[in-house]
Structure formats: C-alpha cells, structure tokens
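Participant: I would like to see how this sequence folds:
(chains A and B)
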Amino acid sequence: MTTLAIRHGHLIDPAAGIDAPKDIFIQNGRVAEIAAPGKLKLANGAQVIDAKGLTVAPGLVDIHVHLREPGQGYKETIATGTAAAAAGGFTAVAAMPNTTPVNDSVEVTRWMQAPERGAEVRVFPIVAATRGSKGETLTDYAALKSAGAVAVTDDGRPILKDGIMRESLAAAARVGLTVIQHAEDTRLTQGASMNLGPVSFKLGLRGMPTEAESAMVERDIRLVTELREQHPHLHVAHTSTAAAIAAVRQARRNGLRVTCEVAPHHFLLTDEHVGLYNTHAKMNPPLRSASDRDAMIEALLDGVVDAIATDHAPHAMHEKEVEFELAPNGITGLETALGLSLRWLHKEWRMPLGRVLSLLSAQPAALLGLKGRGTLAVGSYGDVVIFDPKAEWTYRATESKSKAKNTPFDGWDMLGKVHYTIAEGRIAYAVAGRE
Amino acid sequence: MATTPIAARRKLATPPPPASSFPYHPGSLLSVMDLTVPAVSHLLQRATFLEHDDPLVRDRILQKRRIALLFYESSTRTRTSFELACKALGADTTLVSSLSSSIEKGESLKDTGLTLRALGAEAIILRHNSSGAAWLLEESTRLPVINAGDGMHEHPTQALLDLRTILTHLRPGVAEVGPDTLAGVTVTIVGDILHSRVARSNMLLLPRLGARVLLCGPKELLPEMAAKSSPGIEIERDFESAIRQSQAIMMLRIQAERIANLQLDLEQYKAAYQLTGQRLATQAPNAIVMHPGPIIRGLEITAGVADGPQSTILEQVTNGVAIRMAVMERALTTAEGGRA
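Facilitator: Now for the predicted structure:
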C-alpha cells in the first residue's frame, strides 16, 4: 500500500476540533500522523501532495445515493457513480436498495461491495426494510447488517402500514440499524408530478401536497414515541417541507432519536424552477414553494438538519426527454453538492466553513455509525478531500463522471474546486493537471 | 408554523428561476403568453383580413408548405378547423393520430416529431393528453409548433377565437386591441376549471386586454390557488352572482365520471351550476353564452340555452378557422431570429 503525505494544507476537521495548518501522513489506508507544517516524523519516502493554499478535510459522506446496480446499469454503475462521487469530494456513499432486483438480500448486499464492481470510493449498502420493498414482510436485519448493510429503507416506496413500520423500527433497534423513511403518503400523491400549489395549477399538472410528507413524518414519530423504550432511530430522508422539519424539531425536543437530511435542490430551488416542464427539475419529493425552501435554509442554519445528502438519482437521457408527467423522478447530485453548499450556504448565507463540511461528512457519518469516517483523527480511514475554497467555477453536466446528465445545475456557478479526493489512502480523483 | 422563517426574515438571496428559452421558434404558439398584446391585435386583424380575402389569392400564402397535424387525442372542432385553415392558405396537411401510427408501437413524442420533420413537415400542430407536451416537441424539433391543447394546461388558439367572439359582440367595429380594450367587461368561466386548458388560456389572455375574469365552480373543480396563478382573476362560487356581473359567460364541459370520482352529486352540481333558460333570463339577459364544445346538453347547459339567441357556440367554431389561418400564417412566415 502506498503512503501519502499531504503537506502545506489547511486542515478543517470539525469532529476533531481542528481548523489549522497541518500536514497529514496516511499509511495502509489510515491516518497515521497529523503534525504542524513541516513536522511529520513518519513520512519519509511517501508520495507528497502539495496542498498549499488548499483546504484539507475529511472526505465527504453522502448517505443517500442511487447507484442503480444491480440491474439498471444503463443509468449508472457502481463504478461510474462512485467516480462521480470522488469527483465531488465524496469518499463514502450509502446506496439505496431500489435496484433490480431490490436489494433485500445478503447476496446483493455482498455483490455491491465486491471489488469487481470497481468502486472508486467506499459503498455502504442500505437494504430494503421489507422484502421486495413491498411493505409486507420484514427482511432479515441481523443477517443483512452482518453482510455490511448500514440502514434499512423502502426508499421511493414508503412503508404505509403502521404495523409494518412499527415492526421495522423495533427490529432495526434490536440490531442497531437506522430506519430511513422516504416520507410520502402515496395515497395523496397519485398521478402527481410536482408540488401542489399555484405553479402546478398554472402548468396543469397534478400536485403533491406538503401533507403527504409531513403526515408520514408525524405518523413515524408517533411510532417512535410508542417504541421509545427500545430506542429506535428514525431518519427522515430528503426532507422538503416546513411542517416535516417542525415535526422533527419537536421530536428531538421530546428526546427521540429522529434525524433528517436535506438535499441541495431542496434548500436552493422552488417549484418555479420547474419552468416550462424541465424534467431535470422533477424529483420526489418535488421542489416546493419558496416558504418551504426558506424553511430548509433556516433548518440548516439553526442546526435541526443533521446532514446534507444528494439523493443522487441518475437516469438515462432518453428517459428524461419525455412528457413531464411520464419522466422518472430524480436528479444527479454528487458533483454539485460541495460547490453549491459552499456557494450558497457558506458564501451567501454565512454558515461557517467547518459547519458546512460537518453537514457533508462528520454528521452523516455519525448518523449511520460509520466508524472511522467523517474525521481525520489518527487511526481514522485515510478519506480526504482537498479543495480550493476560493475557486469559482461553472459546472458542466457534459463533463460529469456520472453516466447520467440529468441535473438542473448545468451551467451553475460553484464555489470550491476539488483538487484531490483520497479514499482509504488511494487517490480516487485528481483535478485535471494534478493527476 | 406560526413564526416567520429566519431565512425569510433575513431576506436571504436565493437563486432565481432560470429565464425561459421558449419559444425556440418565433412562429411557435405554445401558450397565449408567447404573444404580446400587439401581437394578439395583429393576429386578430390578420384573421379578419384572411377570412374575407379572395380564396384564390389566399391560397398562395402557404402554397405547398407542409404542415403536420399530430393528434394524441380525439378532436372534431380543433382538428377540422386547423385543417381547413391550413388548406385555405394553400398548405399541404397530413394527419398523424395516436391510434393509427407508430405511437401505438411505443414511439416517443420526440422521435415522432423528428420523423415528421424528416418527412418535410415545416410546422407541427399538436394535440396531446399530457400537459407541456408542446414544449417538449418544440425543443426536440425546433420547428414552429402550434399547441392545439396540451393536457390540462393550455389551448391558445381557443382563447384567441373566444376573444374574437367576445370582441364581435361587446366591442363591434374595434380594429385594434390594447390593454384596455375589454376594460369594464367581466367574463365568467364556469365548471371544471381544474382540468380545463380552455380556462387556463382564457384566464391568462383576457385580463391582459383589460377584462375581469371570474372563475366559478365547486372547490373540488376550482381550487383557491387558481386565483393566484395570474393577475385579474377572482373566484366567485355563487353561480348566479357571477353571471349577474358578467357580459360573457363561458361554460365548460363537465365529465360525469369526473364528478363521480370526486364524490360530487351530479344532481346537486346541476342545481348549483347548470345554465338554464330561467337563470339566464333573470340574471344575465344580455350576456353572451359561450362554450368551447363539445357540449353535453342537459348537463352544464340546457338545450334551450345552447340553441338560444344569446348562444355564440357555433360562432366560436366559425371563428376558429379565421384565427387558425392567422396563426398558421404567422407560424410559417415569421423568420427565425425575429420575434412576433
């Protein structure tokens, strides 16, 4: 295994409380030494990365991505999805189970993590909470956890039945897994393809009411409350409504283990961004009203949100070049999350850099219990992102490492250019000119 | 949440929605919003001119130009009047309908459009059951695309022919229209607003000429948010109060199965919203009665009213040909790079 010395950079490691110039030495895939500039003791003969003028931080962790394998390799593969992750500064991604077949088995969970998949960064499978994500019978949580699963969910197909959701929360709590809910009461969203409101009316599209999300979050929190002696962990995926955030906030005040994530598109865009039927602005949950979007910004700034997660959802071009109502939900997000977060959360809305990075690494890693991730403390994985925090650049979807180009952020200004992404001590991405 | 979000209180800057690139072709008519008020005025003038023009002279305007009619839904009025309008200007038309084409085999709208273009179509008239389909077709083909009705969204030529009908009766002799032409005129649109592309195009067009638009119907078919979609629109749930204020009453078709799905009682609906001879005589004896068709006699409107002296239903159909001649002339004679 190669050894790496990262010199002359400015280390920001929120979990370790470090915000200072430091050199880092990585050996055998782990952080072996952190020292003042020029003071590394062990780094003789190591490959040196010059990080002068750059920020060095724990590799980013995205707890909500769709890598499409097995079964949908025409949209994305584990290799291409993780290449996009590396280009975006991510060193670990948690992959949703809505593949073909649905990942509800030990076999698929192992297959996804096999070296043959060619992953550029660590892939943590999230497995189906119920067999086939049909919402009827629980999968074997203990066996799946042993095979590497980090959470259970029926993402995209929320668990509607109270009894099954209760069983899932209890079973997951017994083995120490998180239940992630895509909160949507699908009985309220039949045939709908965007947020319900004046914009959907004007476009003649059926809309999803905010209550479809918030009512499900409230139901889930009620179940967590009933089961509180068993300490279940409920995580609300891609939160998009003020009412859902309010429910999470209240649950936390009541001492429940309820966490939530917000996607960049939900803190940046509104249903107005659908424009004239732009299918690259179609996802589920949909882009909401300005007041809901503002509530996402507020929740990020005041600390209710535990993580920024992209819900990276690649689709083939031909699938999106169809009538709006027929287009599949989802947009890509791995290569734009850092640039957008720095451009808007940090620069525009004044969130300290360390807090932005924490929302993209330390907090999501802690949320799913990913040990040795989200920090560069000695002994942690050598997962590092090295970026120029001042560099402004423009995102071009055509240059994406992902197979898919379905993004509403094509041509958008970004802040913070990734120079290197190092995954367990291996350079997984280097910017052009630095390879 | 009762409290104002911090983000709103702080007035944080947020990314604005992107500017629209539509229409790509200046001859396209996707939405009534593609037309400025002067452009509307010009179309109305051309409609009148073309209607009275010598058929043998008119015939040369679009001589041998190729126009495709692409229809994913059945249609009597719209299809026939577009076809007659195109032919009156000398164009060749071809009809492609979803039931007798490769659309049945799963060909996408984009590929169908590209195929028509490759066959030499210079403009496409599209009727489609999905809102926004015309925008997809225009982006894919970059041809002039005329929206002949997309899902629940818009039907711009219907709004133009309705405007022509309203002007004939309420502003006879007016040659040019502007932002105040319909000042003092109230138009009530009644019925299933939620699912109506006719309602949407009219409510976006008429206020721009000074009209006040009242929307009338039960909340299941007319959500409160409808009034927020554009300026100049109000909701009046009481049918008789609405028509009492109106110089034009636009009735919309009601689908009985939709009423049933919404668990509305059809008899109650009729009691509240059916335009009867008695209602018309007592509340709006001078208003014109419009309907885009197809009408369901005995449901939203009684046969007596539909056939009565205040009805403009067939006149609307006739106006459709004149308006569509003007729209097709614009489609094929507006140069790319310019804006009409």
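
Participant: got the residues of chain A near chain B?
Facilitator: By the rule C-beta under 8 Å from any C-beta of the partner chain, the part of chain A lying against chain B is A:197-198, A:201-205, A:242-243, A:246, A:268-270, A:272-273, A:275-277, A:290-291, A:293-295, A:297-298, A:301-302, A:318, A:321-326, A:344, A:348-349, A:412. Placement of C-beta: from N, CA and C, glycine included.

Participant: residue contacts, residue A:147?
Facilitator: A:106, A:109, A:110, A:125 (C-beta atoms under 8 Å, 6 or more residues apart in numbering or on different chains).

Participant: would you point out the most distant pair within the residues you listed?
Facilitator: A:106 and A:125 (10.2 Å; C-beta to C-beta).

Participant: more neighbours, these two?
Facilitator: residue A:125 (23 against 17; other C-beta atoms under 10 Å in any protein chain shown).

Participant: how near is the more buried one to chain B?
Facilitator: As judged by C-beta to the nearest C-beta, to the nearest Å, residue A:125 and chain B stand 34 Å apart.

Participant: who's in contact with the helix or strand hosting that residue?
Facilitator: For residue A:125, the element it lies in under DSSP states H and E is strand A:122-128. With C-beta under 8 Å, 6+ apart as the test, strand A:122-128 has contacts from A:67, A:78, A:82, A:91-97, A:102-104, A:108-109, A:112-113, A:117, A:139, A:144, A:147-155, A:180, A:368, A:370, A:373, A:381, A:383, A:423-424.

Participant: how about that strand as PDB, C-alpha atoms only?
Facilitator: C-alpha atoms of strand A:122-128 as PDB (Å, rounded to 0.1, in the frame of the first residue of the first chain):
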ATOM      1  CA  ARG A 122     -16.500   3.100  -0.200                       C
ATOM      2  CA  VAL A 123     -20.000   1.900  -0.900                       C
ATOM      3  CA  PHE A 124     -22.300   1.200   2.100                       C
ATOM      4  CA  PRO A 125     -25.400  -0.600   1.100                       C
ATOM      5  CA  ILE A 126     -28.700   0.400   2.600                       C
ATOM      6  CA  VAL A 127     -31.000  -2.500   2.300                       C
ATOM      7  CA  ALA A 128     -34.800  -2.900   1.800                       C
END
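
Participant: quick revisit: selection in ChimeraX covering whichever of the residues of chain A next to chain B are buried, please.
Facilitator: Here is the ChimeraX command that selects the buried residues among those (16 or more other C-beta atoms under 10 Å in any protein chain shown):
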select /A:197,198,201,202,203,204,205,242,243,246,268,269,270,272,273,275,276,277,290,291,293,294,295,297,298,301,321,322,323,324,325,344,349,412
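
Participant: filter the residues of chain A next to chain B down to the ones in helices?
Facilitator: A:198, A:201-203, A:242-243, A:246, A:268, A:290-291, A:293-295, A:297-298, A:301-302, A:318 (DSSP state H).

Participant: any stretches of chain A with poor pLDDT?
Facilitator: Scanning chain A for pLDDT under 70 picks out the ranges A:1.

Participant: got the CA positions of stretch A:326-343 in PDB?
Facilitator: What follows is stretch A:326-343, C-alpha atoms only, in PDB (Å, rounded to 0.1, in the frame of the first residue of the first chain):
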ATOM      1  CA  LEU A 326     -44.000  10.500 -17.800                       C
ATOM      2  CA  ALA A 327     -40.400  11.300 -16.800                       C
ATOM      3  CA  PRO A 328     -38.900   9.400 -13.900                       C
ATOM      4  CA  ASN A 329     -38.100  11.300 -10.700                       C
ATOM      5  CA  GLY A 330     -34.600  12.300  -9.700                       C
ATOM      6  CA  ILE A 331     -31.500  14.300 -10.500                       C
ATOM      7  CA  THR A 332     -27.800  13.700 -10.100                       C
ATOM      8  CA  GLY A 333     -26.100  15.500  -7.200                       C
ATOM      9  CA  LEU A 334     -22.700  14.100  -6.300                       C
ATOM     10  CA  GLU A 335     -20.600  16.500  -8.300                       C
ATOM     11  CA  THR A 336     -22.500  19.700  -7.300                       C
ATOM     12  CA  ALA A 337     -23.200  19.200  -3.600                       C
ATOM     13  CA  LEU A 338     -20.000  20.700  -2.300                       C
ATOM     14  CA  GLY A 339     -19.800  23.600  -4.900                       C
ATOM     15  CA  LEU A 340     -23.400  24.600  -4.200                       C
ATOM     16  CA  SER A 341     -23.200  24.300  -0.500                       C
ATOM     17  CA  LEU A 342     -20.100  26.500  -0.400                       C
ATOM     18  CA  ARG A 343     -21.500  28.900  -2.900                       C
END
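
Participant: for that stretch, which positions count as buried?
Facilitator: A:327-328, A:330-343.

Participant: surely residue A:87 meets residue A:421?
Facilitator: Yes - contact between residue A:87 and residue A:421 holds when scored by C-beta atoms under 8 Å: they sit 7.2 Å apart.

Participant: okay, those two: which has more neighbours?
Facilitator: Between residue A:87 and residue A:421, residue A:421 has the larger neighbour count (other C-beta under 10 Å), namely 27 against 21.

Participant: any idea which element that one lies in?
Facilitator: Taking DSSP H and E as the criterion, residue A:421 maps to strand A:413-423.

Participant: of the contacts of residue A:147, just say which sits nearest to chain B.
Facilitator: Of all the contacts of residue A:147, residue A:125 has the smallest distance to chain B: 33.6 Å, by C-beta to the nearest C-beta.

Participant: what's opposite that closest one in the beta bridge?
Facilitator: For residue A:125, the beta-bridge partners are residue A:95 (DSSP bridges).

Participant: and it, how far is that from residue A:315?
Facilitator: Distance, residue A:125 to residue A:315, using C-beta to C-beta, to the nearest Å: 21 Å.

Participant: what of residue B:65?
Facilitator: 38 Å.

Participant: and for residue B:63?
Facilitator: In this view, residue B:63 and residue A:315 are 45 Å apart by C-beta to C-beta.

Participant: what's the first-to-last distance across stretch B:302-310?
Facilitator: From its first residue to its last, stretch B:302-310 covers 13 Å (C-alpha to C-alpha, to the nearest Å).

Participant: got the buried residues for that stretch?
Facilitator: So stretch B:302-310, judged by 16+ other C-beta under 10 Å, has buried residues B:302, B:305, B:306, B:310.

Participant: tally of neighbours for residue 162?
Facilitator: Picked chain A for this. Considering only other C-beta under 10 Å, residue A:162 is surrounded by 13 other residues.

Participant: I was thinking of chain B, sorry if that wasn't clear
Facilitator: 28.

Participant: ditto for residue B:73
Facilitator: 16.

Participant: which single residue of the stretch 1-150 of chain B ends up nearest chain A?
Facilitator: For the stretch 1-150 of chain B, C-beta to the nearest C-beta, closest residue to chain A: residue B:132, 3.3 Å.

Participant: show me what contacts that residue?
Facilitator: Per C-beta under 8 Å, 6+ apart, neighbours of residue B:132: A:203, A:204, A:205, A:276, A:277, A:323, A:324, A:325, B:150, B:151, B:153.

Participant: so can I have JSON lines of the residues you listed showing distance to residue A:258?
Facilitator: As requested, the contacts of residue B:132 are arranged in JSON lines below (distance: C-beta to C-beta, whole Å):
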{"residue": "A:203", "distance to residue A:258": "34"}
{"residue": "A:204", "distance to residue A:258": "37"}
{"residue": "A:205", "distance to residue A:258": "32"}
{"residue": "A:276", "distance to residue A:258": "38"}
{"residue": "A:277", "distance to residue A:258": "36"}
{"residue": "A:323", "distance to residue A:258": "38"}
{"residue": "A:324", "distance to residue A:258": "34"}
{"residue": "A:325", "distance to residue A:258": "33"}
{"residue": "B:150", "distance to residue A:258": "42"}
{"residue": "B:151", "distance to residue A:258": "39"}
{"residue": "B:153", "distance to residue A:258": "39"}
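
Participant: kindly indicate which of those residues lies nearest residue B:328.
Facilitator: Using C-beta to C-beta, residue B:150 is the member of the contacts of residue B:132 that sits closest to residue B:328, with 18.0 Å.
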